[in-house]
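**Q** need a structure here:
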Amino acid sequence: MKISGIQIFPLRYQMPYPLTYARGEYNVREALLLKIQTDDPQLFGWGESAMWGGPHAVTAAVIEREIFPLIVGEDPRRPEYLWEKVFQQTYYHGRRGILMAALSGIDIALWDIFGKSAGEPLWRILGGFGRPVQTYASSGYYRHDYGLDDFATDVAAARTAGFRGYKMKIGNIREAAHQNVILDVPLRGSIENDLKRVEVAREAMGNDYLMVDATTSLSARVAMRYAQALEPLEIHWFEEPVMAEDVAGCAELARRTRIPIAGFETETGRDAFARLIDAGAIQIAQPDIVQVGGITEARKIAAYAQIRHLPITSKNYSTVVSSAACLQLLFGVPNGDYFECDQDPLPWRENLLRKPAFHVEDGMAEPTDGPGLGIDVDEQALRPWLVAL
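**A** Below is the predicted model of the structure:
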């Protein structure tokens, strides 16, 4: 069996309203899917590469012009070897950032082919632990003409829908770490206003999990002010409180609060996660499977986290392809938990598949036993959102 071709599917969706967070505001959502073909027309794999905030064409060019020539003609059932081949041959300008994000989609697609060729779902191949994963609703952005009562209604609706937790944004304040560079963020407020939002969410969630996400936007000192005020509200985790590079500051924050620190979805590579874990900077390992290096890298991070007695989760805020990859990993490893379920406007969560890739019951998620990622993508369903490169 040999890799024979690749197709890129750049997607764009105009949302009905903008979403604001500490680093800016956006009213479109974008994704980049890819399909790796083999010399067997019936055997192919789907993947997704992160291109958050960047042009589709840039990530597509890295995939098509740099990575794919290194793997074409190779056996797709060797994802570990092909990952390492790409990593080593692009070492001097790769290792992190856009190249690692581009490689993530390739890697996920190769694992999809591997599972299909074996006739097994990936979660069995990745460890086969097979424990249902807790779900939580993810939203809680700042929004125009959206008061505390509106927010409370949405949080309560997520709890009624059966989610075990809710994650919301914080940190869009005047003291943000990037305040002198990113100047035009709307709805900037104060720590006090943020705390009111968190109190409203806590009341709406009752005793269920409540998580806060500062999207790498605070200094360690300001994050400590938040943590001190948030502790009485029994926050389940404080996500990306500082920039991922501030390992020492995050470790100091973790020592000073009993709120677990989750991170860093913006980080790439197992070495970076090892540094965060070794420093005590995070208590929940949270890579983004479509950015960190794909399944190959994420499962190594999961194994290292398990050695240090830490759970692993994954950012999951895009299409059903990345959702399926995320859940296959979390379901397959012994320390996987917390399946993020995006609640913001997006038509790519269910509408792209001919049949569901997973099911949720009583707030717990399980993938199907379909081979590979367990997804059957309807390519015709992609057409309304395809954009030119």
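
**Q** so what's the most centrally placed residue in the chain up against?
**A** When CA atoms, centre = their mean is applied to the chain, the residue found nearest the centroid is Lys315 (2.1 Å). Counting by CB atoms under 8 Å, 6 or more residues apart in numbering, Lys315 touches 265, 286-289, 291, 326, 340. For every residue, glycine as well, the C-beta is placed using N, CA and C.

**Q** Just the pLDDT at Trp52, thanks.
**A** Trp52 is assigned a predicted lDDT (pLDDT) of 86.

**Q** quick one, phi/psi of it?
**A** Per-residue torsions, Trp52: phi -60, psi 110 (degrees, to the nearest 10).

**Q** And His309, by the same measure?
**A** Dihedral pair for His309: phi 60, psi 40, per degrees, to the nearest 10.

**Q** What distance do you get for it to Gln283?
**A** The spacing between His309 and Gln283, counted by CB to CB, to the nearest Å, is 10 Å.

**Q** Pick out the one among the contacts of Lys315 with the largest number of neighbours.
**A** Counting neighbours by other CB atoms under 10 Å, Pro287 comes out on top of the contacts of Lys315 with 32 neighbours.

**Q** wait, doesn't it sit right on Ser322?
**A** No: with contact defined as CB atoms under 8 Å, Pro287 does not reach Ser322; the gap is 11.9 Å.

**Q** all helices in the stretch 251-389 of the chain, in order from the N-terminus.
**A** Counting by DSSP state H, counting those that start in this stretch, the stretch 251-389 of the chain has helices at residues 270-278, 294-307, 320-332.

**Q** quick one: the last one to chain centroid distance?
**A** Counting by CA atoms, centre = their mean, to the nearest Å, helix 320-332 is centred 10 Å from the centre of its parent chain.

**Q** what angle sits between that helix and helix 294-307?
**A** Angle of helix 320-332 versus helix 294-307, following axes from the mean of the first three to the mean of the last three CA atoms, to 10 degrees, is 30 degrees.

**Q** Pull out the buried residues from stretch 83-101.
**A** For stretch 83-101, a neighbour-count test (16 or more other CB atoms under 10 Å) marks 83, 86-87, 90, 94, 98-101 as buried.

**Q** Repeat that for stretch 330-340.
**A** 330-333, 335-340.

**Q** can you list the residues that contact it?
**A** For stretch 330-340, the external contacting residues (CB under 8 Å, 6+ apart) are 122-136, 138, 165, 167, 284, 299, 302-303, 305-306, 310-317, 326-327, 329, 365-367.

**Q** Are any of the residues you listed buried, and if so which?
**A** Neighbour counting with 16+ other CB under 10 Å marks 122-127, 131-136, 138, 165, 167, 284, 299, 302, 305-306, 310-317, 326-327, 329, 365-367 as buried within the contacts of stretch 330-340.

**Q** Out of those, name the ones that lie in strands.
**A** Those of the buried ones among the contacts of stretch 330-340 mapping onto strands are 133-136, 138, 165, 167, 284, 312-314, 365-367, per DSSP state E.
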